[in-house]
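# give me a model of this one.
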Amino acid sequence: MIAQVVKMAIALALLPALWGSSSAVPFSAPDAAVSAAGEARAHWLARDLIAWNAPGGEAIVLLTDRPGVDGGAAASHPLQRIGTVDDRSVPGVPHLRGMPLYRIAGASRAEARAWLKGRVRVASVTRDGGIVAETGVQIGGVLDDLYANDARLGVHFDRGTPTIALWAPTARKVRLLLFDGPSGAPVATSDMVEDPATGVWRITGAADWNRRYYLFEVDVFVPTLGRVVTNRVTDPYSLNLSTDSERSQIVNLDDPDLQPTGWRRFARALPEAPEDIVISELHVRDFSIGDATVPVSHRGTYLAFADVTSAGMRHLKRMAKAGLSHIHLLPTYDCATVPEDRRRQKSPPVLSAFGPASERQQAAIAKIRDSDGYNWCYDPFHYIAPEGSYATSADGTARIVEFRRMVLALGQSDLAVVLDVVFNHTSAAGQARTSVLDRIVPGYYQRLDEKGAVATSTCCANTASERAMMQKLMIDAMLIWARDYKVGGFRFDLMGHHSRATILAIRDRLRTLTLARDGVDGAHLYLYGEGWNFGEIANDARFVQATQRHMGEGTGVGTFNDYFRDAIRGGGYSDSGLGIVRSQGFANGLFTAPNAENKGSGVERAALLELSDRIRIGLAGSVGDFSLTMRDGSVRRAGAVAPGGGNPLGYVSDPQETINYAEAHDNETLFDINAYKLPRTTSREDRMRAQNLAASLILLAQGVPFLHAGQELLRSKSLDRNSHDSGDWFNLLDYSMRSNGWGRGLPLQGDNAANWPVQRLLLADRRIAVGPAEIAGAEAHVREMLAIRRSSPLFRLRTAAEITKRLHFHNVGPTQEPGLIVMSLDGDDGAELVVMFNATRKPIRFAFPARGDFRLHPVQQASADRRVRTASYRDGAFHAPALTTAVFVAQPR
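Now for the predicted structure:
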């Protein structure tokens, strides 16, 4: 009887939906066969447009809360079918093309704004009121249509008085809770006032609010819960926070006491051209946590960089003097996984007594990994505030001052700072404690799949940077980091999960900063990132992505060149077990020094020649217009070389768009990958030389070279392929050059268990370990290559046209000497350089028509490496010793 009454009420209420007005209808819980609870398969794209693949029914209606009524009774609004989604009707949503499109009859902006503050669903109904299907609505598009704006958000000061602003258009009420300190009850609770046109809530305080703490209390309907909740939440625009991000702090970054001595005058000039840049990637804690020359209270913190006489800073200064220009810091924004009170961070017991292949070390680390002081911090909590665990005190303003002291100290050492920004995901979504954005505007900031669930292809809760206000947050955050912290560049984590348009909008806004006005030269800030193509947005499913392919089309934004990397190292990032061993590369013995899994066969020779072609393209900056003679004798443009029908190896139009690297924080270090691939009998010296060869390829290639911290020190992580949470033990970075980190036990089981059988054998093999002599030799070699790169603009050509004109390869085609790459570079002034990369285990003589006489480069004439000093040009031929890179300079005629 009750069901019949409900059905009759729905039928009466839905008559207007069939004939053209609106009325009240009770919400009924959706039948599981009709719509799964919590799903949102419909898309509210603009004020009056909804897209939905509605199954069956005679009418489609929008169901909204009646004003002042939650749950229970609702209003029904008819939807009129007007066609399907296409680029003309609704641009910017290619993943919805072909989906039926409906217009909400007579919906005004005011009505739509009111509906968005409550429950919104769509239903397909029969004439007699039966619900055929019902689903929730994804609201990102309509919020952009109604509320996108460029209002100033967060805290800002006007003549000493702070105003605090929050974008929360779906909130019903927002209150500001003010606190005197990082703990204790609020001293005041104040209603904020909404601007209905923008969805921005504001409150203006008093001068004495400066340095106080605050939270927002947001009353908002949460669709996944089906009810209004009151969330106490920090400010997504927080400039500073209390320990463990419990509260936001009101600060004025222009206050004199937040500016270390010399900060106002500090204006870091950046290299004129991106091709002059050389980057080293470094984790703040790794830099100093084990450095006995740093005061104990500074170890693992920003302040360690201000200890200019420490072993680490002396090392960076040597590198900078040779040619290093930028320090890329792994994420330094506020992250969610590291306890910020250093006194509460746990440490493992003494681990040095255990053997090089023992499981004991990783077991001890695993027990404390969630409560120690270590993480790479790719789990963003607040995008604009510095991370507190890297400060000497997480409460108060120490993190601001100490971060600035770090930037200043590195700048005074001729090193610019690059920040690693992770806008592609948040550490959590929904109602989780570390979810901020989604507790303020539920369903907006996170990218949703076809069912309305948060996409997680990045590993975590993906963000929707295609949304206007998420893009605004990114731009605002980076302007603050560039202007108020004077950083020299940004690296985008998983940049391919953002749109090309978003990255270019950021680039263009940053270019408005000037050295005179802002202390940083926005025109020369360098941007680069991971242009990988995967996930729900792969192949431009939702927008034109910021992938390798698209960013190499004249944007000036760099992408990591994995084609070059894999040719040098061999294999790919996902190899495991014996698959890693078998996949030797150019620098670690493919065909020229086969390991036990390979035979030096004709197949391996052919594979080496194919990798050699890939390396030549990498040395030529991967520019698509460069032509070269391939292994089969054909001449092809690099942009037309696409192995397996995939992306072209020559994928950039300007050399600044390729980041050349052989090692980064992800995956095994180069030393560790070589431990898998080099023959087990390889001598210590030749292990160093194999790594040196890889470094030479990276540092003498056209484009932007990128080194991982410690790569120049033969750094090992004991074969760990993902040391993001492996503690200080496995992430050792030893600037004393006594140890490279090899043989510290089996790496953590979680990410490495499949490789343990092979790893046990390798870690127990004493022949693989290197000592101080080899570490020092590798470090000297990298500095020499940096100096050689700096010595001639021919290694730093700025355009594709210059590269195609001046760079040439010899020893090419089917009859080439395997394992030898010969490159020449010609200058207008008669300058000529010849570089021999000899990956073989034998000295090689190579002759080709060259202009005049040649001498070994002056840097190599005084090299720390006695072997390379024997390289020579005589009898019309170039001579390079085994496993060396020799650079020759034409002599004046």
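
# when you work out contacts or count neighbours from here on, use the C-alpha atoms and nothing else.
Fine.

# for Leu763, give me its contacts.
356-357, 718, 742-743, 745-746 (C-alpha atoms under 8 Å, 6 or more residues apart in numbering).

# now it: phi and psi?
phi -70, psi -30 (degrees, to the nearest 10).

# over to Ile289?
Dihedral angles for Ile289 - degrees, to the nearest 10 - are phi -60, psi -30.

# closest one to Ala148 out of the contacts of Leu763, please.
Lowest distance from Ala148 to those (C-alpha to C-alpha) belongs to Ser718, with 49.2 Å.

# check contacts around Leu239.
155, 248-251, 384-386.

# just Gly38 next, same as before
136, 223-225, 452.

# again, only this time at 6 Å
Taking C-alpha atoms under 6 Å, 6 or more residues apart in numbering as the criterion, Gly38 is in contact with Thr224.

# state the distance from it to Val218.
22 Å (C-alpha to C-alpha, to the nearest Å).

# could I get the contacts of Leu239 as a markdown table with pLDDT, neighbour count and secondary structure?
Output for the contacts of Leu239, formatted as a markdown table (pLDDT from 0 to 100; neighbours: other C-alpha atoms under 10 Å; DSSP: H, G, I helix; E, B strand; the rest coil):
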| residue | pLDDT | neighbour count | secondary structure |
| --- | --- | --- | --- |
| Val155 | 98 | 22 | strand |
| Ser248 | 98 | 28 | strand |
| Gln249 | 98 | 31 | strand |
| Ile250 | 98 | 24 | coil |
| Val251 | 98 | 24 | coil |
| Ile384 | 98 | 24 | strand |
| Ala385 | 98 | 25 | strand |
| Pro386 | 98 | 25 | strand |
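
# which of these sits closest to Pro757?
Nearest to Pro757 among the contacts of Leu239, with distances taken as C-alpha to C-alpha, is Pro386, at 40.8 Å.

# that closest one pairs with what?
Judged by DSSP bridges, the bridge partners of Pro386 are Tyr333.

# touching, it and Asp334? I think so.
Yes - counting by C-alpha atoms under 6 Å, Pro386 touches Asp334, with 5.3 Å between them.

# coming back round to it: and which of the contacts of Leu239 is nearest to Tyr444?
Minimum distance to Tyr444 across the contacts of Leu239 is 19.7 Å, recorded for Ile384 (C-alpha to C-alpha).

# contact partners for the closest one?
239, 477.

# any idea how far it lies from Ala75?
41 Å.

# report how many residues lie close to Ala523.
Applying other C-alpha atoms under 10 Å, we find 17 other residues in the vicinity of Ala523.

# list phi and psi for it.
phi -70, psi -20.

# now what about the one helix or strand His43 maps to, what contacts it?
Using DSSP states H and E, His43 falls within strand 42-46. Contact with strand 42-46 is made by 50-52, 137-139, 141-142, 145, as judged by C-alpha under 6 Å, 6+ apart.

# please repeat the previous calculation with a cut-off of 10 Å.
Contacts with strand 42-46, where a contact means C-alpha atoms under 10 Å, 6 or more residues apart in numbering, come from 49-54, 90, 93, 96, 99, 101-104, 109, 112, 120-123, 134-146, 450-452.

# average pLDDT for that strand?
Confidence for strand 42-46, expressed as mean pLDDT, is 98.

# likewise for stretch 767-776?
Rounded mean pLDDT across stretch 767-776 is 98.

# just the C-alphas of it, formatted as PDB.
Extracted as PDB, the C-alpha positions of stretch 767-776 are listed here (Å, rounded to 0.1, in the frame of the first residue of the first chain):
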ATOM      1  CA  ARG A 767      83.400  -8.100  -6.700                       C
ATOM      2  CA  ILE A 768      80.600  -5.600  -7.400                       C
ATOM      3  CA  ALA A 769      81.500  -3.300  -4.500                       C
ATOM      4  CA  VAL A 770      83.500  -0.200  -5.300                       C
ATOM      5  CA  GLY A 771      85.600   1.900  -3.000                       C
ATOM      6  CA  PRO A 772      86.700   5.500  -2.400                       C
ATOM      7  CA  ALA A 773      89.100   5.500  -5.400                       C
ATOM      8  CA  GLU A 774      86.300   4.700  -7.900                       C
ATOM      9  CA  ILE A 775      83.900   7.100  -6.300                       C
ATOM     10  CA  ALA A 776      86.400   9.900  -6.500                       C
END
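
# SS state for the nearest residue to Ser242 once chain neighbours are set aside?
Using C-alpha to C-alpha, 6 or more residues apart in numbering and skipping residues adjacent in sequence, the residue nearest Ser242 is Asp395, 4.9 Å away. Of the three states, Asp395 takes coil according to DSSP: H, G, I helix; E, B strand; the rest coil.
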